[in-house]
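Colleague: okay, here's the prediction I keep looking at, along with the sequence it came from:
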Amino acid sequence: MGDHTRRRFIRATGLVSVTALAGCAGDDGGGGAEDSPTETGMDGGDETATDTESSDGGDGQADTRLSWHAGGTGGTYFPLSNEFKTVVEDNTDFTLNVQSTGASVENVGSLANGNADFALIQNDIAYFAKNGTGIDAFQDNAVENLRGVATLYPETITVVTLSDTGISQLSDLSGATINTGDLGSGTQVNANQILEAVGITDFEEQNASFSQAADQLRNGDIDAAFVVGGWPVGAIEDLATTNDVAIVPIDGDNRTAVKDAASWFADDTIPGGTYSGVSEDVETVAVQAMIATNADVPEATVETVTAAIFDNVDALTIKTEFIGVDSAQDGMSIELHPGAAAYFDA
């Protein structure tokens, strides 16, 4: 697909609308999930996965069943969300249904239409959504009810390829076939921002999950893939056990150009040894992962869930070097939900 055709396709989908992205994000996980739709916390086959439900028969007491939208099973959002599920259920009366999705942009749609009570998203996507700007999905279509809860950890931009492709710098991606992430995901947004910032316009774009991208690399169907998530990303770890992988740096003038084009990118480094066969540190950029909710979720619910997570960080195993009360507002790009504000201001 030529550059102009590719851009027309993305613009035409616009991603249609933010609510359309989440329109199918019910029990079946929606159309953008990184892997086959996966849910945890379901008690019966005929219950709605994405509605907040009351376990008291609807007598006016607070709802106790909450829907939490994560990301694909090959990334960081899904396993971390399941750790959140455990600490919330161990320390509150709430039950969390964690659902695999296409991540940030789709998750904003689910929050906007009430299909999700909480979700993990990127801080740049949150800003775009709340302000109705930045990308076609949100242009002049602000998500007014989107609220922040807490920021969590840097989401590293990883450009992964195989050693035998000969791709060692971003300029080598010109003319390549590149998986930029699920259609409508934050990964796709970031990938296209970066490629445009460094002047790469001649490439064929593929859109699939992290796990599917790893399979495409194995099979020689693509030359490189963008992955956005806290390292180590499981899909890349798995790929590195079967193939010689290479991580393409975003450094020097390229990093400067990327940061000049989008202020939410920050410097980041993937430590040597993170992935098998990649022994040296790799310079790159990152955005920030965050928990979001919508304005209609009760203040007491948000405060209780927030407290359960941040009072029990020692029960987590993923990204614990970054997750904590002291850093939970670093990079927060949208208005806090009053329940989150009540916890962090206490």
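Modeller: Yep, it's here.
Colleague: all helices of the protein, in order?
Modeller: Using DSSP state H, the helices of the chain run over 3-13, 18-21, 77-91, 104-112, 123-131, 186-197, 210-219, 234-242, 252-261, 299-310, 338-345.
Colleague: summarise which helices and strands the longest one is packed against.
Modeller: By that I understand helix 77-91. strand 65-69, strand 95-99, strand 118-122, helix 299-310 (3 or more Cβ pairs under 8 Å, 6 or more residues apart in numbering; DSSP states H and E). The C-beta positions use only the backbone N, C-alpha and C, and glycine is treated the same way.
Colleague: would you mark the buried spots in that helix?
Modeller: Using 16 or more other Cβ atoms under 10 Å as the test for burial, helix 77-91 gives 77-88, 91.
Colleague: if we can go back for a sec, nearest to Ser276, of the helices and strands packed on helix 77-91?
Modeller: strand 118-122 (26.8 Å; Cβ to Cβ).
Colleague: what's the burial count for Ser327?
Modeller: 14 (other Cβ atoms under 10 Å).
Colleague: now do the contacts for it.
Modeller: Counting by Cβ atoms under 8 Å, 6 or more residues apart in numbering, Ser327 touches Thr151.
Colleague: residue ranges with poor pLDDT in the chain?
Modeller: The model of the chain has pLDDT under 70 over residues 1-62.
Colleague: go again using 80 as the cut-off
Modeller: Residue ranges of the chain with pLDDT under 80: 1-63, 134, 184-185, 263, 346.
Colleague: can you list the domains in it?
Modeller: According to automatic domain parsing, the chain comprises the domains 3-10+155-287, 14-153+290-345.
Colleague: show me which strand runs longest in this structure.
Modeller: Longest strand of the chain, by residue count under DSSP state E: strand 146-162.
Colleague: could you give the angle of that one to helix 123-131?
Modeller: Per axes from the mean of the first three to the mean of the last three Cα atoms, to 10 degrees, the angle that strand 146-162 makes with helix 123-131 is 140 degrees.
Colleague: hey, C-alpha coordinates of strand 146-162 in PDB?
Modeller: Extracted in PDB, the C-alpha atoms of strand 146-162 (Å, rounded to 0.1, in the frame of the first residue of the first chain):
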ATOM      1  CA  LEU A 146     -12.800  10.800  30.700                       C
ATOM      2  CA  ARG A 147     -11.100  11.100  34.100                       C
ATOM      3  CA  GLY A 148      -7.600  10.100  35.400                       C
ATOM      4  CA  VAL A 149      -6.800   7.900  38.300                       C
ATOM      5  CA  ALA A 150      -3.100   7.400  38.400                       C
ATOM      6  CA  THR A 151       0.000   7.100  36.200                       C
ATOM      7  CA  LEU A 152       2.000   3.900  36.500                       C
ATOM      8  CA  TYR A 153       5.200   3.400  34.500                       C
ATOM      9  CA  PRO A 154       7.000   4.300  31.300                       C
ATOM     10  CA  GLU A 155       5.600   2.600  28.200                       C
ATOM     11  CA  THR A 156       8.700   2.000  26.100                       C
ATOM     12  CA  ILE A 157       8.600   2.400  22.400                       C
ATOM     13  CA  THR A 158      10.400  -0.800  21.100                       C
ATOM     14  CA  VAL A 159      11.100  -1.200  17.400                       C
ATOM     15  CA  VAL A 160      11.900  -4.900  17.000                       C
ATOM     16  CA  THR A 161      13.300  -6.700  14.000                       C
ATOM     17  CA  LEU A 162      15.300  -9.800  13.300                       C
END
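Colleague: make a markdown table out of the buried residues of helix 77-91 and add distance to Ser168.
Modeller: Converted to a markdown table, these look like this (distance: Cβ to Cβ, whole Å):
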| residue | distance to Ser168 |
| --- | --- |
| Tyr77 | 29 |
| Phe78 | 31 |
| Pro79 | 31 |
| Leu80 | 31 |
| Ser81 | 35 |
| Asn82 | 36 |
| Glu83 | 36 |
| Phe84 | 38 |
| Lys85 | 40 |
| Thr86 | 41 |
| Val87 | 42 |
| Val88 | 44 |
| Asn91 | 48 |
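Colleague: looking at these, spot the one nearest Ala240.
Modeller: Using Cβ to Cβ, those come closest to Ala240 at Pro79, 17.9 Å.
Colleague: and of the buried residues of helix 77-91, the nearest to Gln212?
Modeller: Phe78 (14.7 Å).
Colleague: grab the nearest non-local neighbour of that closest one.
Modeller: Ala70 (4.4 Å; Cβ to Cβ, 6 or more residues apart in numbering).
Colleague: please identify the deepest-packed of the helices of the chain.
Modeller: By mean neighbour count, with neighbours taken as mean count of other Cβ atoms under 10 Å, helix 104-112 ranks first of the helices of the chain at a mean of 31.
Colleague: packing partners for that helix?
Modeller: Applying 3+ Cβ pairs under 8 Å, 6+ apart, one finds that helix 104-112 contacts helix 18-21, strand 65-69, strand 118-122, helix 123-131, strand 146-162, helix 186-197, strand 282-294.
Colleague: for the residue nearest to Ile270 when sequence neighbours are not counted, what are its contacts?
Modeller: Distances taken as Cβ to Cβ, 6+ apart place Val282 nearest to Ile270, at 4.4 Å, with adjacent residues excluded. If you count contacts by Cβ under 8 Å, 6+ apart, Val282 has them with Ile247, Pro249, Thr269, Ile270, Gly272.
Colleague: quick one: Val282 from Leu239, how far?
Modeller: 15 Å (Cβ to Cβ, to the nearest Å).
Colleague: alright, calling it a day.
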